[in-house]
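Undergrad: Provided below are the primary sequence and the corresponding predicted coordinates.
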Amino acid sequence: MKKYKRYFLITHNAALVFSVCLLFSISSCSKKNYSGQPAYAFRSSDGRPDYKQLDYWAAHPAKKDPSDSIPESLRNRVNTREADVFFLYPTSLTDGSDPRWNAEIDDAEINAKTDYSSILYQASVFNAQCRVYAPRYRQAHIRCFFLADSTTKPYFDMAYEDVRNAFLYYLNTENKGRPIIIAGHSQGTLHAARLMKEFFDGKPLKRQLVCAYLIGMPVSENYFADLKPCKDSTATGCLVSWRSFQRGYEGTVYVTRETEKMVVVNPLSWTTDPGYVSAEFNKGGVLRNFNKIVPGVSDAQIHKNILWTRKPDVPGKILLTTKNYHVGDINLYYMNIRENVATRIRSFKKNSEIH
C-alpha cells in the first residue's frame, strides 16, 4: 500500500489540480452547492450504502446518469452493450479543511462532484459497448495518501468494503454470466486491483473477464499470480495500466525510486513495446468540452515505468505547466479506449464461441 500512497500524494498536489483542470475538467475546480438537487437528497439510515437502491450507484443501467452521455459526433452510432463494466471512480473528497476520513455515502456535494467529473468524463468511455455500473463508496479522504499505513488502513478498508459489497450485489443480481470489464482510475484503481486479486486472479470468474483497465496508479508486474498485461489490442482476460507524464520527464521522485517493474501498456498501440507511437494514431481525446473530440491530442511512448506524451496540443496549453498528466490519463486517449473496448469484447465473444 505504501508505494501507492506515496505516488498518489505526489500526483495530487495543488499545482497539478489547478493546472490540469484548465484542460481536463476531471477535478472540480470550484465548489458548488448541490444540496438542493432532488437526485442527491437521499439519506442512508445507518451511514452505509444499500446497493439494492439506485441512489447508491453513481452509474447504473436502470437509471439515467452522466455515464450515459455520448460526445455529439458519436450519437448516431450503434451501441450494442454486450458486456458490463464495473467502474471505480477516483478521489473527489479533496478539501483539505474537511475533517472526515471517509466520504459520507449520502453527501450531496461529493456525489454530484463525482458524477459530473469522473462519471461523465471517464466512465462514459465505456458506454458504447457496456452497461455501466459505478457504485458510490465511502472513499478515503485524499489526506490518507499522506500518512502511514497504520493510521489509514481502516479508512481504505472501509472504502474497499463498500466496493466489495457492491460487486457481490452486482454478481448476484445483475451479471447473469455476462462478460465483465473492471476499470478504475487513481483511488478507484487501488480498489479495483484489490478486487481483481480477490475475485479474478486464479479464480473461475476470470473466464468472464474481458479486460481490466487499471489506470493512473502503479501496478507491479508481480502483483497478480495469474493475470498478465495484455499483449495486444485483442487479448482478453488480461490487464492494461499506464501513468501519463510529459515527454522527457522522468516522473516524480517516488517514480524514479521504484525498484519493481510496473505494468505499462501503450494506449495507442495496446502493446508493451517501448517504441514511439505518433499522435496521428490518437483518434481523439475528450477534454473540457465533452462534446468535442480532439484528434491527435497526444502521442505515447512507454518509458521505464511510465507513459510519455507530448504536452497536449489544445488551445490554452501554454497554461498547462505541470509535467504530470495524471488527471488526463483516460481523457487524452478517450477514443482509443472506447474503440479498444469494442475490439476486446468482439475478441472475447469470438474466443468464447470457439471454446
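TA: Okay, I see it. Here the structure is a predicted model, which means the values were calculated and not measured.

Undergrad: Please pull out the lowest mean pLDDT helix or strand from the chain.
TA: Counting by mean pLDDT, DSSP states H and E, the chain has its least confident helix or strand at helix 14-20, which shows a mean of 40.

Undergrad: Walk me through which strands the next helix or strand after that one pairs with, and which way each runs.
TA: The helix or strand immediately downstream of helix 14-20 is strand 57-59, counting by DSSP states H and E. Looking at strand 57-59 with DSSP bridges, its partner strands are strand 130-135 (antiparallel).

Undergrad: Show which residues not belonging to the partner strand make contact with it.
TA: Taking contacts as Cβ atoms under 8 Å, 6 or more residues apart in numbering, the residues outside strand 130-135 that touch it are 49, 51, 56-61, 67-68, 81-89, 119, 123-124, 126, 162-163, 166-167, 170, 174, 178, 181, 341, 345. (C-beta placed from N, C-alpha, C; glycine too.)

Undergrad: Sort out which of those residues are buried, if you could.
TA: Burial of these was assessed by neighbour count (16 or more other Cβ atoms under 10 Å); the buried members are 49, 51, 56-61, 67-68, 81-89, 119, 123-124, 126, 162-163, 166-167, 170, 174, 181, 341, 345.

Undergrad: Mind checking which of the contacts of strand 130-135 are in strands?
TA: Assigned to strands by DSSP state E, the following of the contacts of strand 130-135 qualify: 57-59, 83-88, 181.

Undergrad: can you list those in TSV and add pLDDT?
TA: Below are these laid out as TSV (pLDDT from 0 to 100):
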residue	pLDDT
W57	98
A58	98
A59	98
A83	98
D84	98
V85	98
F86	99
F87	99
L88	98
I181	98
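
Undergrad: Mind putting these into TSV with distance to L190?
TA: Formatted as TSV, the entries for the ones in strands among the contacts of strand 130-135 read as follows, by distance: Cβ to Cβ, whole Å:
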residue	distance to L190
W57	20
A58	17
A59	19
A83	23
D84	21
V85	18
F86	15
F87	14
L88	8
I181	18
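
Undergrad: Could you identify the pair within those that is furthest apart?
TA: A58 and A83 (18.9 Å; Cβ to Cβ).

Undergrad: if you go through this structure in chain order, where are the helices?
TA: Taking DSSP state H as the criterion, the chain contains helices spanning 2-11, 14-20, 108-114, 120-121, 149-170, 187-199, 253-256, 334-354.

Undergrad: what mean pLDDT would you report for the first one?
TA: Mean per-residue pLDDT for helix 2-11: 48.

Undergrad: State the distance from I119 to D232.
TA: Distance, I119 to D232, using Cβ to Cβ, to the nearest Å: 29 Å.

Undergrad: Then K323?
TA: With the distance defined as Cβ to Cβ, K323 ends up 29 Å from D232.

Undergrad: Neighbour count: the two, which is higher?
TA: A side-by-side neighbour count of K323 and D232, using other Cβ atoms under 10 Å, places K323 first with 17 against 14.

Undergrad: so who does T309 touch?
TA: By Cβ under 8 Å, 6+ apart, T309 lies in contact with 244-247, 298-301, 325, 332.

Undergrad: per-residue confidence at it?
TA: The model reports T309 with a pLDDT of 97.

Undergrad: Tell me the bridge partners for it.
TA: Q246.

Undergrad: any idea how far it lies from D299?
TA: Here the distance between T309 and D299 works out to 6 Å (Cβ to Cβ).

Undergrad: For the nearest residue to D226 once chain neighbours are set aside, give its distance to P218.
TA: When the adjacent residues along the chain are set aside, D226 lies closest to G202, with 4.2 Å between them (Cβ to Cβ, 6 or more residues apart in numbering). The span separating G202 from P218 equals 22 Å under the rule Cβ to Cβ.

Undergrad: if we can go back for a sec, closest one to V240 among the helices of the chain?
TA: Among the helices of the chain, helix 334-354 comes nearest to V240, with 8.4 Å by Cβ to Cβ.

Undergrad: In that closest one, which residues are buried?
TA: When neighbours are counted by 16+ other Cβ under 10 Å, the buried residues of helix 334-354 are found to be 334-348.

Undergrad: Could you give the separation of it from the chain centroid?
TA: Relative to the centre of its chain, helix 334-354 is centred 18 Å away, using Cα atoms, centre = their mean, to the nearest Å.

Undergrad: hmm, back to that, which residues are common contacts for T309 and D299?
TA: For the pair T309 and D299, residues contacting each of them under the criterion Cβ under 8 Å, 6+ apart are R247.

Undergrad: Cheers, nothing more for now.
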